[in-house]
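# Next input, structure requested:
(one chain, ligands or ions: 2)
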Amino acid sequence: MIVQYANFISSHTNISQCPPATKPEYAFIGRSNVGKSSLLNMLTGRNKLAKVSQTPGKTQLINYFLINEEWYLVDLPGYGYAKVSKTSRAKWQKMIRDYLAKRLNLQCTFVLIDSRVPPQKIDIEFINWLGEMFIPYVIVYTKTDKLKPPELSQNVENFQTALLEHWEVLPQQFYSSATKKTGKEDILDFIDETNKNFDIADLEDIGAA
Ligand code: GTP
Ligand code: MG
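Ligands and ions are numbered 1, 2, ... in the order given. Here you go, the predicted structure:
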């Protein structure tokens, strides 16, 4: 797929304000600073579309981007930022979990995992929650440019082992580097294929659109 148009649409704190659920939608989620906004920019080929920062906690809202007038990419605030107060964390949890559980046109959630670090409890717990809620997701290992191939394989294997302690089947997995543009084609092809299965009539039947 070629991204011809990519436009920022709107930002929200509540699912009730989000655009009508009439187009297929894909969300990026993961720990603060894992590279969600950078991946969105890399996929769309627009460097400044989503705000990127070295300071964790940059993205605070549910941000909508319309791609090729056909589907939405949604950039979400990250989890696991240590400096966040308990109240803000609880607010984040409610906002994001509400969004992920109730947004019926959400075709797939991309869970971004930092390829440089050992399996993090917070990531595993979050994935377990997605699985328990039957929310479709895939994994993207980010910042792969920072590692040598053997280190990357080892870290991915460790993460898979951690997942297999809870689940029998592994989800689909992608590798990305925003700096080297790795993973762009694979991820866009996956979205293209998934878009083909989107039928608005399915949502209308259940009164969602
Ligand atoms: P929050 O919005 O704070 O949750 O962060 P985020 O997940 O959106 O991360 P963001 O895209 O803002 O990137 C965080 C930092 O990581 C920035 O300094 C990016 O330049 C850097 N970064 C992101 N992706 C990559 C990558 O693939 N390779 C390298 N080397 N750096 C990356
Ligand atoms: Mg961000």
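# List the contacts of the closest residue to ligand 1 within the chain.
Closest residue of the chain to ligand 1, C-beta to the nearest ligand atom: residue 78 (2.6 Å). Every residue, glycine included, has its C-beta placed from N, CA and C. Listed by C-beta atoms under 8 Å, 6 or more residues apart in numbering, the contact set of residue 78 reads 29-34, 36, 56-57, 59.
# Most neighbours of all those, which one?
residue 36 (29 neighbours; other C-beta atoms under 10 Å).
# which element is the residue lying closest to that one once chain neighbours are set aside on?
Spatial nearest neighbour of residue 36, chain neighbours left out: residue 28 (4.1 Å); criterion: C-beta to C-beta, 6 or more residues apart in numbering. In the assignment (DSSP states H and E), residue 28 maps to strand 25-30.
# Quick one: low-confidence residue ranges for the chain.
Scanning the chain for pLDDT under 70 picks out 82, 206-209.
# residue ranges of the helices in it, please?
All helices of the chain, identified by DSSP state H, fall at 36-44, 86-102, 121-132, 149-164, 184-196, 200-205.
# Can you check which of the ones you listed gets nearest to residue 18?
helix 86-102 (7.6 Å; C-beta to C-beta).
# Can you list the buried residues in that closest one?
92, 95-96, 99-100 (16 or more other C-beta atoms under 10 Å).
# where's residue 69 relative to ligand 2, distance?
For residue 69, the distance to ligand 2 (C-beta to the ion, to the nearest Å) stands at 24 Å.
# need the contact list for the closest residue to that residue other than its chain neighbours.
Excluding the flanking residues, the one nearest residue 69 by C-beta to C-beta, 6+ apart is residue 5, at 6.0 Å. Going by C-beta under 8 Å, 6+ apart, residue 5 touches 66-69.
# Could you do residue 58 as well?
Counting by C-beta under 8 Å, 6+ apart, residue 58 has contacts 32, 37, 51-52.
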